[in-house]
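Participant: structure for the following, please:
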Amino acid sequence: MKDRTVMRLSLAGLVLGCTTSWAGTLPAIPENLRPPATEMLALELAAKGVQIYECKARADEPTRFEWTFMAPEADLFDRAGHRIGKHYAGPTWESDDGSKVIGAVKARDNGPDSSAIPWLLLEAKSTAGSGVFSRTTSIQRAHTAGGNSPAETCGEAQAGQVSRIPYSATYYFYVSKP
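Facilitator: Below is the predicted model:
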């Protein structure tokens, strides 16, 4: 009888531990960055790379210069730390399985760290292939670190200079509920 009780408690602990572990992967996201209720979380990936900026004349004031965002360049990693793809201009996320998704920003939030790039909600504009990104409908960027535009001066003397600022983030990929 005692062995059964211990076994039940162990099993309950294991199940509770798994539940707690899974619940921890769901992002604590501001309301405006949440995907529609018709979608569910399908994939969580860590990104490590750079945000690329170029010093350019402002379109509205050609005599003034500013750092202009050009593109991200990052590797994507699964929860086990294996590289499974890349993130680049578009914005595009491409898996090593050949599938990819291109997103468009729907909403943004400054997030809790003012020294990091904003958190985003993006909708899928297009998908390709038949792998992990092929059914993506929304993407969240959260838990960002770094990546803000350079602190260095951007003036006429620096025009055309490119700066690659390290960043990391967690990307959450959502699909339509069945």
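
Participant: is it true that N32 lies in a helix?
Facilitator: Yes - according to DSSP: H, G, I helix; E, B strand; the rest coil, N32 belongs to a helix.

Participant: wait, it sits on A107?
Facilitator: Yes - N32 lies in contact with A107 (CB atoms under 8 Å); the separation is 4.8 Å. The way it works is simple: take the backbone N, C-alpha and C, and place the C-beta from them, glycine included.

Participant: who does whichever strand or helix holds S163 touch, helix- and strand-wise?
Facilitator: Here S163 is covered by strand 162-176, with elements defined by DSSP states H and E. In this structure, strand 162-176 packs against strand 39-57, strand 65-77, strand 136-146, with contacts taken as 3 or more CB pairs under 8 Å, 6 or more residues apart in numbering; DSSP states H and E.

Participant: which residues do N32 and A107 both contact?
Facilitator: Jointly contacting N32 and A107 under the rule CB atoms under 8 Å, 6 or more residues apart in numbering are L121.

Participant: who has more neighbours, these two?
Facilitator: Higher neighbour count among N32 and A107: A107, with 16 against 11, using other CB atoms under 10 Å.

Participant: and that one, how far from G131?
Facilitator: Noted for A107: a distance of 27 Å to G131, by CB to CB, to the nearest Å.

Participant: please apply the same query to T137.
Facilitator: 15 Å.

Participant: cool, I139 as well?
Facilitator: I139 is 15 Å from G131, by CB to CB.

Participant: ok, now F77?
Facilitator: 16 Å.

Participant: element containing R108?
Facilitator: Going by DSSP H and E, R108 is part of strand 100-109.

Participant: which residues does that strand contact?
Facilitator: 30, 32-33, 90-94, 118-129, 133-134, 136, 138-139, 173.

Participant: do stretch 65-77 as well
Facilitator: With CB under 8 Å, 6+ apart as the criterion, stretch 65-77 contacts 45-58, 83-89, 91, 93, 95, 149-150, 154-156, 158-159, 162-164, 167, 169, 171.

Participant: burial check on the residue lying closest to L120 once chain neighbours are set aside, number of neighbours?
Facilitator: Using CB to CB, 6 or more residues apart in numbering and skipping residues adjacent in sequence, the residue nearest L120 is R141, 4.3 Å away. Counted with other CB under 10 Å, the neighbours of R141 add up to 27.

Participant: who's in contact with R141?
Facilitator: 117-120, 122, 169-171.

Participant: most neighbours among these, which one?
Facilitator: A169 (26 neighbours).
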